[in-house]
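Undergrad: Sharing a model that was predicted from the sequence below.
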Amino acid sequence: MEEKKEEVGTNKNRFVVGLDKLAEATVQVQTLQQEIIELQPVLVKTSEEVDAMMITITADREEADKTKIIVEAQENEANAKAAKAKEIADDAQKDLDEALPALDAATASLKSLNKNDIVEVKAMKNPPAGVKLTMEAVCILMKVKPVRKDDPNQLGKKINDYWEPASKLLNDPPGFLNSLFTFDKDAMEESVITQVTPYVNGEHGEFTPASIEKASKACKSICMWVLAMHKYYHVAKMVEPKKELLASAQAELREVMAQLEEAKAKLKAVNEKLQRLQDELNAAVAKKEELGRKSEECNVKLGRAEKLIGGLGGEKLRWVATVEQLSKDFACIVGDVLVGAGTVAYLGAFTGDYRGSMVQEWNELLIQNSIQHTENCTIHTSLSDPVSIRAWQIAGLPSDPLSTENALIMQKARRWPLMIDPETQANSWVKNMEKVNNVEVVKLTSSNYLRSLENGIRFGRPVMIENILEELDPALEPLLLRITFKQNNQEMIQLGDSTVPWHPDFRFYMTTKLRNPIYKPETAVKVTLLNFAITSDGLQQQLLGLVVAEERPDLAEAKNNLVVQNAAMKKQMKEIEDTILRMLSEASGDILDDEGLINTLAASKKTSTEINEKLAQAEITEKEIDTTRVEYVPVAFRSSLLYFCVSDLSIIDPITPRCPRTTSSAG
């Protein structure tokens, strides 16, 4: 019941999903077409905007290139003027560097003086000549006027006395030292330097730091300062033209730099505008590309949708009908499976007529008990698979309903089949069906039949025991009841004295030639009894095939080839449909995004269409062949009557019944 529910439910869901995907694709076609219509004018407008921007950017880029050339020229000019100004400044600085060491030495020497050193000089009532020379030079540099006094050496003559004003300067030692440190050396006048020069040249006495140091340590430092100031003046005077030249060069440089900055600002503005336009262009191009991509994507999806609908749209009506039928089947599962299960469990040993009467009675009981079921349901309607049935018939299963029912029972039953097979039809069918699996055929009378069973169970190969009588070997009981157990995580079974690993692919068949065997109840419940005794319809079909093969071998061969080809094509059709439905049900998201899936579905549908065309042609050919075969039906019918007449003679006189092959030979 659960198996059937899952089968029907799964099939129904697959078809429903397939229909949903088709409906979704149909809706998407309309949406995509509308999107394409809406995208086209936007795409055209954006393209025009991009073209206009390209023209503007080209013009602005040309302007930027021109401005860049101007800026580069001005920058080169500025660099040249800056280099020239630096050269002048370096030359002037080189000259200044000659005076600066003496100035730095004098400054350092002055820093070594303190208040007491100055007080010591001031306290001199009659200072030495070196002290007087030094202070006179200081007063001249600081423009301190001397006092006019009488010359003691020449009566009536006046001389300049600097000691008195110098003493006043020395009254404030810290202030005096500070005035030396802060002296504006760049403001010295030539007239002052002219007055100091004789002192520096020693015209008024030796004026060197060494000679002055003999008179006063403090005056030595002051002497060094005076000499440094004198030297600085002359160096500065020599440097002054260079300074003027430097100032002129710097003025020109400032003017060029101003022009350069203006040009750079203009270039920057142009570049910023160019960058802004480029950004806008990039955005517009990106928008254009995105719109183009969307348009292309819509076209691709539209093509895929049309391919999907064109490929599977023809299946829609059939799928809708299939879903409706599966819905009905699902509602009727309980009743249908009840009839199918009853057939499998109880009717295998009976004839076709008896089975039909029992199934009819069960259908009436279903109606009486209001159990939903398919009208006139049988095991064929509830459990059959056309592809499997066709494969069985190709393997040699007679095409009559009884034989098909037996095969279905054998497929669905849980117990191993024991087939009542007086004409060995089932025996031949099983051998052909399991030939690819290397079926092994043995008899109970064979000495090594248990070894054959062991090998089949161990390696998963099918085994068939033929010519079973009414008693079964007790050693087979564990196998018939499938009594397995676990040993070291391996499923095992006890067969005789041997413990054999159980292979899940193992299959077991039993056949008997007894026409009407009588099995004990304890034996019957361990197996699935199947009555494969030949029926009139089945024998007639077989004899028809023999007659046609004898009279028209070309027709028989064509018929057989068609049967095999049709079976293969229908199997392939079923597999293709299952693949299509599986892929549709497993597809997630937008199915139109999966190009591989669409192409696979289209290819599958194309193959399916080709197969359908071949099947349609094959059906026409098969009908033509069947029309010719009908001419031989009377012969097959009379042969069938002859066989059953001879067979029924055993009721009158116990002569040996004859098999159909003997009958056909006699015919």
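TA: Okay, I see it.

Undergrad: Now do the contacts for A105.
TA: Residues in contact with A105 (CB atoms under 8 Å, 6 or more residues apart in numbering) are 224, 228. Any C-beta I mention is one placed from the backbone N, CA and C, and that applies to glycine too.

Undergrad: L481 too?
TA: Residues near L481 by CB under 8 Å, 6+ apart: K526.

Undergrad: Also the one 5 residues further on?
TA: The neighbours of K486, taking CB under 8 Å, 6+ apart as the test, are M492.

Undergrad: So it lies in a helix, does it not?
TA: No - per DSSP: H, G, I helix; E, B strand; the rest coil, K486 lies outside any helix segment and is strand.

Undergrad: Reduced to three states, what does the residue of the chain most remote from its centre come out as?
TA: Most distant residue from the mean C-alpha position of the chain: L155, 120.7 Å away (CA atoms, centre = their mean). Following three-state DSSP, L155 is assigned to coil.

Undergrad: All further residue positions should be reported with the first residue as 11.
TA: From this message on, residue numbering opens at 11, which makes the last subject L165.

Undergrad: Could you check the pLDDT of it?
TA: Note on L165: pLDDT of 72.

Undergrad: Also G362?
TA: Taking G362 on its own, its pLDDT is 86.

Undergrad: Equivalent analysis for the one 5 residues further on, please.
TA: In this model, S367 is scored at 93, pLDDT.

Undergrad: quick one: it from K297, how far?
TA: For S367, the distance to K297 (CB to CB, to the nearest Å) stands at 80 Å.

Undergrad: How about S226?
TA: S226 is 92 Å from K297, by CB to CB.

Undergrad: Compare those two (neighbour count), which wins?
TA: S226 (21 against 15; other CB atoms under 10 Å).

Undergrad: so the more buried one makes contact with E130?
TA: Yes - in this structure, S226 is within contact of E130 by CB atoms under 8 Å, at 7.4 Å.

Undergrad: What ranges does this protein have for its strands?
TA: Assigned by DSSP state E, the chain shows strands spanning 157-160, 168-171, 427-430, 450-453, 473-476, 494-497, 500-505, 508-511, 518-522, 538-541.

Undergrad: Residues in contact with the fourth one: which ones?
TA: Okay, so that is strand 450-453. 441, 458-459, 462-463, 465-466, 471-477.

Undergrad: Let's see that with 10 Å instead.
TA: Here strand 450-453 makes contact (CB atoms under 10 Å, 6 or more residues apart in numbering) with 437, 440-441, 444, 458-463, 465-466, 471-478, 519, 521.

Undergrad: can you check the first one too?
TA: Contact with strand 157-160 is made by 166-175, as judged by CB under 10 Å, 6+ apart.

Undergrad: May I have the strands that pair with that strand, each with its orientation?
TA: strand 168-171 (antiparallel) (DSSP bridges).

Undergrad: I'd like the strands of the chain as a markdown table, with distance to I377 and mean pLDDT appended.
TA: Below are the strands of the chain laid out as a markdown table (distance: least, CB to CB, whole Å; pLDDT from 0 to 100):
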| stretch | distance to I377 | mean pLDDT |
| --- | --- | --- |
| strand 157-160 | 158 | 80 |
| strand 168-171 | 159 | 80 |
| strand 427-430 | 32 | 94 |
| strand 450-453 | 46 | 93 |
| strand 473-476 | 41 | 94 |
| strand 494-497 | 42 | 92 |
| strand 500-505 | 45 | 92 |
| strand 508-511 | 49 | 92 |
| strand 518-522 | 37 | 95 |
| strand 538-541 | 28 | 94 |
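
Undergrad: With distance to E87 added, can I get the ones you listed in a markdown table?
TA: Formatted as a markdown table, those follow (distance: least, CB to CB, whole Å):
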| stretch | distance to E87 |
| --- | --- |
| strand 157-160 | 61 |
| strand 168-171 | 57 |
| strand 427-430 | 111 |
| strand 450-453 | 108 |
| strand 473-476 | 108 |
| strand 494-497 | 101 |
| strand 500-505 | 98 |
| strand 508-511 | 101 |
| strand 518-522 | 108 |
| strand 538-541 | 112 |
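
Undergrad: To I419, which of those lies closest?
TA: strand 538-541 (6.1 Å; CB to CB).

Undergrad: Give the other helices and strands that the closest one contacts.
TA: helix 343-356, helix 362-378, helix 411-422, strand 427-430, strand 518-522 (3 or more CB pairs under 10 Å, 6 or more residues apart in numbering; DSSP states H and E).

Undergrad: ok, and which of these has the densest surroundings?
TA: strand 427-430 (a mean of 25; mean count of other CB atoms under 10 Å).

Undergrad: quick one: contacts of that one?
TA: 358-359, 416-417, 419-421, 435-437, 439-440, 474-476, 478, 482, 490, 517-527, 529, 533-534, 536-543.

Undergrad: Among these, name the buried ones.
TA: Among these, those buried by neighbour count (16 or more other CB atoms under 10 Å) are 358-359, 416-417, 419-420, 435-437, 439-440, 474-476, 478, 482, 490, 517-523, 527, 529, 533, 536-543.

Undergrad: Flag the shaky bits of the stretch 261-410 of the chain, pLDDT-wise.
TA: Flagging of the stretch 261-410 of the chain using pLDDT under 70 yields the residue ranges 263, 298, 301, 308, 311-312, 314-329.

Undergrad: Dump stretch 135-151 to PDB, keeping only the CA atoms.
TA: Extracted in PDB, the C-alpha atoms of stretch 135-151 (Å, rounded to 0.1, in the frame of the first residue of the first chain):
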ATOM      1  CA  LYS A 135      90.700 104.700  36.700                       C
ATOM      2  CA  ASN A 136      93.500 104.800  34.200                       C
ATOM      3  CA  PRO A 137      92.800 102.000  31.700                       C
ATOM      4  CA  PRO A 138      95.500 100.600  29.600                       C
ATOM      5  CA  ALA A 139      95.800 101.600  26.000                       C
ATOM      6  CA  GLY A 140      94.300  98.300  24.800                       C
ATOM      7  CA  VAL A 141      91.200  98.800  26.900                       C
ATOM      8  CA  LYS A 142      90.900 102.400  25.600                       C
ATOM      9  CA  LEU A 143      91.300 101.200  22.000                       C
ATOM     10  CA  THR A 144      88.700  98.600  22.300                       C
ATOM     11  CA  MET A 145      86.100 100.800  24.000                       C
ATOM     12  CA  GLU A 146      86.700 103.600  21.500                       C
ATOM     13  CA  ALA A 147      86.000 101.200  18.600                       C
ATOM     14  CA  VAL A 148      82.800 100.000  20.400                       C
ATOM     15  CA  CYS A 149      81.600 103.600  20.900                       C
ATOM     16  CA  ILE A 150      82.300 104.400  17.200                       C
ATOM     17  CA  LEU A 151      80.300 101.300  16.100                       C
END
